[in-house]
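Peer 1: Kindly return the folded structure for what I paste below:
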Amino acid sequence: MATVHGAASLLRDVGLMPDGPVLWGRPLTSRASGVYLVELPEHLPTAPLELSRIGKWIERLPNLRLDGARPTSRVLAARLGSLWLPTETVLYVGAAAGSVGGRALALSHHVLGDRRPHADGQWLHALVGVERARVWWAETDAPEEHLDALFEAFAVIAGPRSSAPGGTIDGRPLGALLLPWANTRRPTGERQVHGISGAIAPDEAVPAPPTRVVEIAPGDADGVPLGDRGTGTSRRGPRAALPGSPRSASPRRTNSSSAPPGARRDAALRAARVEPVPLTRDAYARLEAELNELTQVRRPVVVARIKAARELGDLKENAEYQSAREEQSFLEGRVRLLEERKRHAVLIEEGRTGRVGLGSVVVLEHEGEMLTYAIVGTTDADAAAGRISSSSPVGAALIGAVAGSEVTVRTPRGTAGYRVVEVR
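Peer 2: Now for the predicted structure:
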């Protein structure tokens with residue numbers, strides 16, 4: 001049987017004086033900032049999950065998904081159980097910039113699936129016997145720094161004890177982090193690989209106050225036609241038709257207060273949905289290349305910097321540690337952004353229609369100079385690299401144009417004329 005290296009030992013490993021323990025759900029005596037750890041009195045070979053609790057969790061959250069599909073309670077329990085580390089007793093590590101006692105108590109009162117007061121760590125409420133857990137804590141003026149250090153210390157201890165001879169842990173999702181079981185993220189942004197989404201209830205949409213809205217055709221305000229106002233663009237020569245143009249629609253008035261509450265709620269939810277990210281195949285390849293560079297090359301370098309800086313001691317006054325943590329924070333933020341774009345990416349079929357559209361490469365003549373632009377989505381725009389967004393003034397004016405079209409773009413600095421030489 002492996003020697004238990006519990007919460008108190010972990011706190012001492014990072015230079016903190018442990019206090020406690022108290023039983024789960026009992027108040028802590030500290031109201032200062034600090035870190036706290038939830039542990040079982042003994043390690044268990046498997047996660048003691050309660051299927052009925054998991055079933056209620058799934059039932060109350062219609063958008064809960066596992067790997068993109070609606071799971072059964074058994075399938076979801078199996079995924080949660082695959083992250084269980086049978087040699088470890090520490091199930092969760094948290095930090096509080098305010099009252100560590102209040103934060104720990106909020107976690108014990110949380111309801112599985114709620115957004116508040118403490119969604120991180122909510123997996124604990126899927127366990128049978130969690131009331132036997134104990135809470136240890138330590139006060140510190142640098143709670144996030146010590147939280148990160150505790151995760152590192154936990155991984156150092158748990159990794160060799162939990163791994164098979166080949167260095168892997170049977171049944172865990174590929175790429176899963178060595179975190180205490182109920183932790184789903186690190187303070188620097190790295191998230192546990194578990195495949196679960198929609199696990200907490202969304203924020204309720206607050207209905208807007210009743211207002212009267214007058215809908216008019218774009219650009220026709222004050223009697224000024226679209227060619228002189230609105231997008232500020234006009235074009236002469238062949239042009240694609242714009243089906244469903246609002247020009248033919250007469251202004252109409254609506255009163256949002258007359259809409260039923262359900263309709264207003266549905267409209268709010270539609271507005272909150274994530275829009276698809278249109279990408280060409282080249283843009284998608286660039287996204288994947290950058291994501292690979294960040295996760296496979298730069299992330300290990302930053303982690304090594306943090307580890308080396310931590311060994312210098314005094315985390316709060318350690319400039320090298322703070323610098324490395326900031327770099328990691330920026331890196332993980334960029335990784336999350338790219339992963340979100342990739343998740344919602346829609347590949348653009350670059351058909352050769354002869355008209356300018358997303359994915360087209362356009363050769364323009366402007367004041368005797370030849371310019372070449374690729375028309376891309378907003379997330380891939382880079383004017384210096386010759387990629388302009390389809391929603392930019394020039395890009396919007398070019399959409400639908402063919403070779404020979406003359407396009408005028410109105411900008412704050414005046415008007416600019418372009419002639420389309422070639423579309424490819």
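Peer 1: any low-confidence regions in the protein?
Peer 2: 1-4, 162-170, 203-274, 313-316, 349-352, 412 (pLDDT under 70).
Peer 1: ok, for the residue sitting nearest the centre point of the chain, nearest residue in space, not its chain neighbours?
Peer 2: What sits nearest the mean C-alpha location of the chain, by CA atoms, centre = their mean, is residue 336, with 5.0 Å. Leaving aside its sequence neighbours, residue 336 sits nearest to residue 189 (CB to CB, 6 or more residues apart in numbering; 6.2 Å). Yep, even glycine has a C-beta here, placed from its N, CA and C like the rest.
Peer 1: same deal with residue 54?
Peer 2: Closest to residue 54 by CB to CB, 6+ apart is residue 73, at 4.5 Å.
Peer 1: Count the residues that sit near the residue nearest to residue 336.
Peer 2: 15 (other CB atoms under 10 Å).
Peer 1: need the contact list for it.
Peer 2: By CB atoms under 8 Å, 6 or more residues apart in numbering, residue 189 lies in contact with 328-329, 332-333, 335-336.
Peer 1: Narrow those to those in strands?
Peer 2: In strands, judged by DSSP state E, none of these are found.
Peer 1: Contacts only, for residue 29.
Peer 2: Residue 29 neighbours (CB under 8 Å, 6+ apart): 19, 101.
Peer 1: and it, helix, strand or coil?
Peer 2: Three-state call for residue 29 (DSSP: H, G, I helix; E, B strand; the rest coil): coil.
Peer 1: got it, and residue 22?
Peer 2: Applying three-state DSSP: residue 22 is strand.
Peer 1: That one bridge partners, please.
Peer 2: residue 135 (DSSP bridges).
Peer 1: Confirm for me that it is in contact with residue 135.
Peer 2: Yes - contact criterion CB atoms under 8 Å: residue 22 and residue 135 qualify, at 5.4 Å.
Peer 1: sorry, back to before: most neighbours among the contacts of residue 189, which one is it?
Peer 2: residue 328 (23 neighbours).
Peer 1: wait, that one sits on residue 302?
Peer 2: Yes - contact status for residue 328 versus residue 302: in contact at 4.7 Å, counting by CB under 8 Å.
Peer 1: Could you give the separation of the longest strand along the chain from the chain centroid?
Peer 2: Longest strand in the chain by number of residues (criterion: DSSP E): strand 414-423. Its chain's C-alpha centre and that of strand 414-423 lie 39 Å apart, by CA atoms, centre = their mean, to the nearest Å.
Peer 1: same thing with stretch 20-37?
Peer 2: 30 Å.
Peer 1: And it, what's buried?
Peer 2: Across stretch 20-37, burial judged by 16 or more other CB atoms under 10 Å covers 20-22, 24, 28, 30, 33-37.
Peer 1: okay, among those residues, which ones form the most distant pair?
Peer 2: 24 and 33 (21.2 Å; CB to CB).
Peer 1: Restricted to helices, list the contacts of residue 189.
Peer 2: 328-329, 332-333, 335-336 (DSSP state H).
Peer 1: The residues you listed into CSV, with extra columns for distance to residue 67?
Peer 2: CSV is the format used below for the ones in helices among the contacts of residue 189 (distance: CB to CB, whole Å):
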residue, distance to residue 67
328, 27
329, 28
332, 22
333, 25
335, 20
336, 19
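Peer 1: okay, now the domains of the chain?
Peer 2: Listed by automatic domain parsing, the domain ranges of the chain are 7-197, 231-240+262-278+348-424, 281-346.
Peer 1: what's the most buried one of those domains?
Peer 2: The highest mean neighbour count among those, using mean count of other CB atoms under 10 Å, belongs to domain 7-197: a mean of 18.
Peer 1: The residue nearest to residue 54 and residue 50 touch, don't they?
Peer 2: No - at 9.4 Å, residue 73 does not count as touching residue 50 under the criterion of CB under 8 Å.
Peer 1: what's the overlap in contacts for residue 22 and residue 135?
Peer 2: residue 28.
Peer 1: show me where the stretch 301-424 of the chain has strands.
Peer 2: 345-347, 361-366, 369-376, 387-389, 406-411, 414-423 (DSSP state E, counting those that start in this stretch).
Peer 1: Surely residue 45 touches residue 86?
Peer 2: Yes - counting by CB under 8 Å, residue 45 touches residue 86, with 4.7 Å between them.
Peer 1: Need the three-state assignment for the closest residue to residue 111 other than its chain neighbours.
Peer 2: Closest residue to residue 111 in three dimensions, ignoring its sequence neighbours and counting by CB to CB, 6+ apart: residue 125, at 7.1 Å. Judged by three-state DSSP, the three-state class of residue 125 is helix.
Peer 1: Can you tell me how far residue 125 is from residue 92?
Peer 2: Distance, residue 125 to residue 92, by CB to CB, to the nearest Å: 11 Å.
Peer 1: sorry, back to before: possible to save the strands of the stretch 301-424 of the chain as TSV with distance to residue 178?
Peer 2: Formatted as TSV, the strands of the stretch 301-424 of the chain follow (distance: least, CB to CB, whole Å):
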stretch	distance to residue 178
strand 345-347	30
strand 361-366	47
strand 369-376	39
strand 387-389	40
strand 406-411	54
strand 414-423	53
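Peer 1: returning to that earlier point: the residue nearest to residue 111 against residue 112, yeah?
Peer 2: Yes - contact criterion CB under 8 Å: residue 125 and residue 112 qualify, at 4.3 Å.
Peer 1: what touches both of these two?
Peer 2: residue 53.
Peer 1: Tell me which residues touch the residue nearest to residue 54, please.
Peer 2: Residue 73 sits next to 51-52, 54-55, 58 when contact means CB under 8 Å, 6+ apart.
Peer 1: Of these, just say which sits nearest to residue 201.
Peer 2: For the contacts of residue 73, the nearest to residue 201 is residue 58 (12.5 Å; CB to CB).
Peer 1: Perfect, I'm done here.
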